[in-house]
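In: coords please:
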Amino acid sequence: MSGQVSILHMSEPVFTSKSKSVAATLEAEIRKGRLPRGTQLQSEQALARRFSVSRNTVRKGLEDLAQRGFIATQGGIGSFVTFDSRMIDNRLGWSRALAEVGAPTVTDLLRLEIVREPDLAKTLNLADDRFVAVDRLRRLSSSGRAISLERSRIPLVAALRNVVTHGLTDGSVSRTLADAGLRPHDGEEWAEVIMLGKSDAAVLERRRGAPFLRTRRLTRTAANQPIEHVVSLLDPSRFRLHLRFSGQ
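Out: Reported below is the predicted structural model:
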């Protein structure tokens, strides 16, 4: 990776260099398109035979690839290529960003209403605890499979008082905020892996306990006014985070 240099010392166990060699070979095949996105890798046993190493060495190589976003491993099933070399820029919204990288989606609007959330208002240091709540489920157009569940909370301002009646501009939160004169300048985002609870699993049509990526994103104006707080549940086989975050 750019800007990082790995130094192997002679005192390190031999399996370390072998596992890196396994990972490097598979990475090269993925980058060159020989193993395209969605391809299931050979079993650990088959890879061990191919590289003439132990299954433990193969496993360490696969763990390295998984940590760097090239593959995803599903217990009892195998490892699948997730890398496609394309970055998603969601500054104009997830739907447009996903469509531009060849994964068009349809969006189900699950909720659009004004709610009171005093705990969130306290966290954001807001005197008014009213928010516009926008909950959306995104599905792949090709298969109908749900890939994300997003719950946006937008501090209520005068320009947004009629959004529940009039609806989102072109179905987009980003455009609705822009029409209200709310333009993101900077923000923060946190991410963690969680196991889906019963209700979220039902909405996403996944099994309870399935691992998903949960992100929490807060954007602000140049005057440090909170614009949007959104919690997203993202299918880890479709999303990886590589953030360059600026509204400029």
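In: who touches Ala222 in this structure?
Out: Neighbouring residues of Ala222 by Cβ atoms under 8 Å, 6 or more residues apart in numbering: Arg183, His185. Bear in mind the C-beta positions are built from the backbone N, C-alpha and C, glycine included.
In: tell me the phi and psi of it?
Out: When read as degrees, to the nearest 10, the backbone of Ala222 gives phi -60, psi -20.
In: any figure for the gap between it and Ala146?
Out: Using Cβ to Cβ, to the nearest Å, Ala222 is found at 35 Å from Ala146.
In: now swap in Ala66 and tell me
Out: Distance from Ala66 to Ala146, by Cβ to Cβ: 23 Å.
In: tell me the helix or strand right after the helix or strand of the chain with the lowest mean pLDDT.
Out: Using mean pLDDT, DSSP states H and E, the weakest-scoring helix or strand in the chain turns out to be helix 94-100, at a mean of 50. Next along the chain after helix 94-100, taking DSSP states H and E as the criterion, comes strand 105-116.
In: return the list of strands paired to that next one, each annotated with direction.
Out: strand 130-140 (antiparallel) (DSSP bridges).
In: helix or strand right after the strand it pairs with?
Out: Defined by DSSP H and E, the subsequent element after strand 130-140 is strand 146-155.
In: now that next one, how far from the centre of its chain.
Out: 12 Å (Cα atoms, centre = their mean, to the nearest Å).
In: do the same with stretch 38-46
Out: Averaging C-alpha positions (Cα atoms, centre = their mean) puts stretch 38-46 24 Å from its chain's average.
In: first-to-last residue distance for it?
Out: End-to-end distance of stretch 38-46: 19 Å, with Cα to Cα, to the nearest Å as the criterion.
In: in it, what's buried?
Out: Neighbour counts using 16 or more other Cβ atoms under 10 Å place Leu41, Glu44 of stretch 38-46 among the buried residues.
In: Ala66 and Ala146: which has the busier surroundings?
Out: Set side by side, Ala66 and Ala146 show more neighbours around Ala146, with 18 against 15, by other Cβ atoms under 10 Å.
In: next, count neighbours for Thr176.
Out: 23.
In: let me fix that, I meant to ask about Ile194.
Out: 13.
In: wait, what's in contact with the closest residue to it other than its chain neighbours?
Out: With Cβ to Cβ, 6 or more residues apart in numbering as the criterion, Ile194 has its nearest non-adjacent residue at 4.7 Å, and that residue is Arg214. By Cβ under 8 Å, 6+ apart, the contact set of Arg214 is Ala191, Glu192, Val193, Ile194, Val231, Ser232, Leu233, Leu234.
In: of these, closest to Ile77?
Out: Lowest distance from Ile77 to the contacts of Arg214 (Cβ to Cβ) belongs to Val193, with 17.7 Å.
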